[in-house]
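1. Next comes the sequence, and after it the predicted model I'd like to discuss.
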Amino acid sequence: MNFKGQVAVVTGGATGIGRAIALKLADKGAAVMIADINVAKAKETAEEIEEISGASSLFVTDVTNVAACEGLAQATIDSIGAADILINNAGIAGSADWQTRSYSTEEDWKQTYQVNVIGMSNITSVFRSQMTRRRSGRIVNIASIAGREGRPSLPHYSASKAAVISLTQSTALELARSNITVNAICPGLLWTPMWEQVGDRHAQAIPAYEGLTPREVFDTMIAERIPMKKEQTPEDVADAVAFFASDDAKNITGQTLNVDGGFFMR
Amino acid sequence: MDFEGKTAIVTGGARGIGRGIALELAQRGSNVIVADLDEESARSVVTEIMAGGTQSYYCETDVTQQWSTDGMAETALEKYGQLDVLVNNAGVGGAPDFNSRKVPTVEDWQATFDVNVYGIVNGTQSVENYMIERGYGKIVNIASIAGRAGRPGFASYGASKAAAINVSQAWAFKLAPHGINVNAVCPGLIWTPLWQSIAEWRKSTDDQNAGLSPRQIFQHTVAESVPLGREQTPEDVGKAVAFLASDRARSITGQALNVDGGIRMN
């Protein structure tokens, strides 16, 4: 597996899972564009990548802003070249203070859909011409096991991630004839800053978890729901993303792969 | 390389998809036991692997017999001192001459379940105690996109492959706490001896296909049903198996991955 000479774009690439994906692709030789709204962290990750693969760039990108997405596409070409690989990773779990509520507000629904689904569509739209022109490309969307089945506590988030899986399939069909593959990864339980907040939310919204700390909720869910009895890591997700982004997966498209220790089996 | 110093068994490794898997694992450093009944073809795969620099051995194996797969596992341990990967690939489309019949007979149902389902169960049962004791192991079962949804025609084959996916999930659950990953790959349209038989069957059962050669029937099927517009290859399946059998897929278990150019999206 080798991405030498290839250009990858990772949205939400500054921190967490996105950062791990960016570092993994860089480790295999790719030049990486970090698209994020967190400038300081994006700069740190871009500098790290520069040291690994020799080429990186960053662009402040709000995926809900079409003009910003177009700016990202142009900035990618201008700085490191046309994109071979696009990783749609940027996502949110609700509107401000979502973790402090036990229910979803209209704003939670709107903003989550705006970023996780419409934002993904925006980004894909601005990069598809770069890829179709060369009849080659790899797109990997980060969904979630939350999108595999309706669950209590975060209905707006689950629904948005189910939409990501659906969007992945539609885009795969649209772009297949241009030799572009589109697949999704569903990360399982990863102890990230976001999950710490999910734990808070679950403790309020799900009676069985009442009174538990976020980490206790997390550990309980692993014990109850994950056959491998282990949490997953950003590196686990990054390895699966790298597989879909590589030539090894050139005849795989429209698929959604769970990286979840067996939480859901499909 | 992912499989340096490791040992893999590939059942049905003499021809078609199994051969592609055996060669791919060998290229990535693995010693390979080619477990099959077709000695001549198996020996040519062994020769090919050894020319590439890793070890290989033909083990006469009937996967429908537990004593035979027990012997296969023992041979691997005797020859190479360890066993890391089992690929349950052996499969049949029906009883002998199934492609001359319009509908499956009871013999066809029996043959597909004997090989495609019990073959996986036998192979797995022959290695699981060793892998549990060692706390490490990778099992990849070759199902089919025919197992993803019922279709008229050779229902016995589709049903047996659906069972193969289900069996993979059952063992994924069972073996997950022991550090053993069990996954399945669902190949799409691949020009193998099996598909040649299917094409001959379609030629004899559908007047529309009467004037076409088996290869032409296959190519028509590819053009009509594969979004990426091309056939899949044994190498494609080999690469997906190599990913799932590697430590890069350490947190993936119980999954079935379609390698089918987007025919079915799961």
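-> Perfect, I can see it now. Just so we're clear, the structure is a prediction, and the values are computed from it rather than from any experiment.

2. How far off centre is stretch A:231-251?
-> From the chain centre to the centre of stretch A:231-251 is a distance of 12 Å (Cα atoms, centre = their mean, to the nearest Å).

3. That stretch vs chain B: in contact?
-> Yes - using Cβ under 8 Å from any Cβ of the partner chain, stretch A:231-251 reaches chain B at A:232, A:233, A:236, A:239, A:240, A:242, A:243, A:248, A:249, A:250, A:251. All C-beta atoms are positioned from the backbone trio N, CA, C, and that covers glycine.

4. got JSON lines for these, with distance to residue A:144, pLDDT and neighbour count too?
-> Listed next are these as JSON lines, based on distance: Cβ to Cβ, whole Å; pLDDT from 0 to 100; neighbours: other Cβ atoms under 10 Å in any protein chain shown:
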{"residue": "A:232", "distance to residue A:144": "11", "pLDDT": "98", "neighbour count": "26"}
{"residue": "A:233", "distance to residue A:144": "15", "pLDDT": "98", "neighbour count": "18"}
{"residue": "A:236", "distance to residue A:144": "14", "pLDDT": "98", "neighbour count": "25"}
{"residue": "A:239", "distance to residue A:144": "17", "pLDDT": "98", "neighbour count": "24"}
{"residue": "A:240", "distance to residue A:144": "13", "pLDDT": "98", "neighbour count": "27"}
{"residue": "A:242", "distance to residue A:144": "19", "pLDDT": "98", "neighbour count": "25"}
{"residue": "A:243", "distance to residue A:144": "18", "pLDDT": "98", "neighbour count": "26"}
{"residue": "A:248", "distance to residue A:144": "24", "pLDDT": "97", "neighbour count": "19"}
{"residue": "A:249", "distance to residue A:144": "20", "pLDDT": "98", "neighbour count": "24"}
{"residue": "A:250", "distance to residue A:144": "26", "pLDDT": "98", "neighbour count": "20"}
{"residue": "A:251", "distance to residue A:144": "25", "pLDDT": "98", "neighbour count": "26"}
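
5. The residues you listed: which two are farthest apart?
-> Checked with Cβ to Cβ, the residues of stretch A:231-251 next to chain B reach their widest spread between A:233 and A:251, with 28.0 Å between them.

6. Show me where the stretch 101-250 of chain A has its strands.
-> Counting by DSSP state E, counting those that start in this stretch, the segments of the stretch 101-250 of chain A that form strands are A:137-142, A:180-187.

7. residues touching the residue nearest the centre of chain A, list them.
-> Geometric centre of chain A, nearest residue: residue A:89, 2.2 Å, by Cα atoms, centre = their mean. With contact taken as Cβ atoms under 8 Å, 6 or more residues apart in numbering or on different chains, residue A:89 is in contact with A:10, A:11, A:12, A:13, A:17, A:18, A:21, A:142.

8. and if you look at residue B:69?
-> Residue B:69 touches B:11, B:35, B:61, B:63, B:122, B:123, B:125, B:126, counting by Cβ under 8 Å, 6+ apart.

9. Where does residue A:251 fall, secondary structure wise?
-> Per DSSP states H and E, residue A:251 falls between elements, in no helix or strand.

10. er, residue A:34 I mean
-> strand A:31-36.

11. Apart from its neighbours in sequence, what residue is nearest residue B:26?
-> residue B:49 (4.3 Å; Cβ to Cβ, 6 or more residues apart in numbering or on different chains).

12. buried sites along the host helix or strand of residue A:72?
-> Per DSSP H and E: residue A:72 is located in helix A:66-79. By 16 or more other Cβ atoms under 10 Å in any protein chain shown, the buried positions in helix A:66-79 come out as A:68, A:69, A:71, A:72, A:73, A:75, A:76.

13. on that earlier part again, list the neighbouring strands of the strand holding residue A:34 plus their orientation.
-> strand A:7-11 (parallel), strand A:56-60 (parallel) (DSSP bridges).

14. Can you tell me which of the ones you listed is packed in deepest?
-> strand A:7-11 (a mean of 30; mean count of other Cβ atoms under 10 Å in any protein chain shown).

15. And the contacts of residue B:69, which of them are buried?
-> Of the contacts of residue B:69, these count as buried by 16+ other Cβ under 10 Å: B:11, B:35, B:61, B:63, B:122, B:123, B:126.

16. so what's residue A:28 closest to, chain neighbours aside?
-> Residue A:28's closest residue in space is residue A:3 (Cβ to Cβ, 6+ apart), at 4.4 Å.

17. picking that back up, for the strands paired with strand A:31-36, give me a markdown table that also has mean pLDDT.
-> Compiled in a markdown table, the strands paired with strand A:31-36 are given as follows (pLDDT from 0 to 100):
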| stretch | mean pLDDT |
| --- | --- |
| strand A:7-11 | 98 |
| strand A:56-60 | 95 |
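
18. hey, which helix or strand in chain A has the poorest pLDDT?
-> One helix or strand of chain A scores below all others by mean pLDDT, DSSP states H and E: helix A:193-205, with a mean of 91.

19. Show me the contact partners of that helix.
-> For helix A:193-205, with Cβ under 8 Å, 6+ apart as the criterion, the contacting residues are A:15-16, A:93, A:98-103, A:152-154, A:189, A:209-218.

20. now that helix: how far from the chain's centre is it?
-> Distance, centroid of helix A:193-205 to centroid of chain: 19 Å (Cα atoms, centre = their mean).

21. for stretch B:60-74, same thing?
-> On Cα atoms, centre = their mean, the centre of stretch B:60-74 falls 16 Å from the chain's centre.

22. now residue A:167: how far from chain B?
-> Using Cβ to the nearest Cβ, to the nearest Å, residue A:167 is found at 12 Å from chain B.

23. How about the contacts made by that residue?
-> Residue A:167 touches A:117, A:120, A:121, A:141, counting by Cβ under 8 Å, 6+ apart.

24. Quick one: distance of the lengthiest helix in chain A to the chain centre.
-> Longest helix in chain A by number of residues, with DSSP state H as the criterion: helix A:155-175. Mean C-alpha position of helix A:155-175 versus that of the full chain (Cα atoms, centre = their mean) differs by 12 Å.

25. What mean pLDDT does it get?
-> Average pLDDT, helix A:155-175: 97.

26. Beyond the helix holding residue A:72, next helix or strand please.
-> Using DSSP H and E, the first helix or strand after helix A:66-79 is strand A:85-88.

27. Need the residues that contact the lowest-mean-pLDDT helix or strand in chain B.
-> The weakest-scoring helix or strand in chain B, judged by mean pLDDT, DSSP H and E, is helix B:193-205 (a mean of 87). Outside helix B:193-205, the residues that touch it by Cβ under 8 Å, 6+ apart are B:15-16, B:91-93, B:98-102, B:153-154, B:189, B:209-210, B:212, B:214-215, B:217-218.

28. which of the residues you listed are buried?
-> Buried, going by 16+ other Cβ under 10 Å: B:15-16, B:91-93, B:98-99, B:101, B:153-154, B:189, B:209, B:212, B:214, B:217-218, out of the contacts of helix B:193-205.

29. Tell me the one of those residues nearest chain A?
-> residue B:189 (9.8 Å; Cβ to the nearest Cβ).

30. what sits against the closest one?
-> B:195, B:218, B:221, B:222, B:225, B:226, B:231, B:232, B:260, B:261, B:263.
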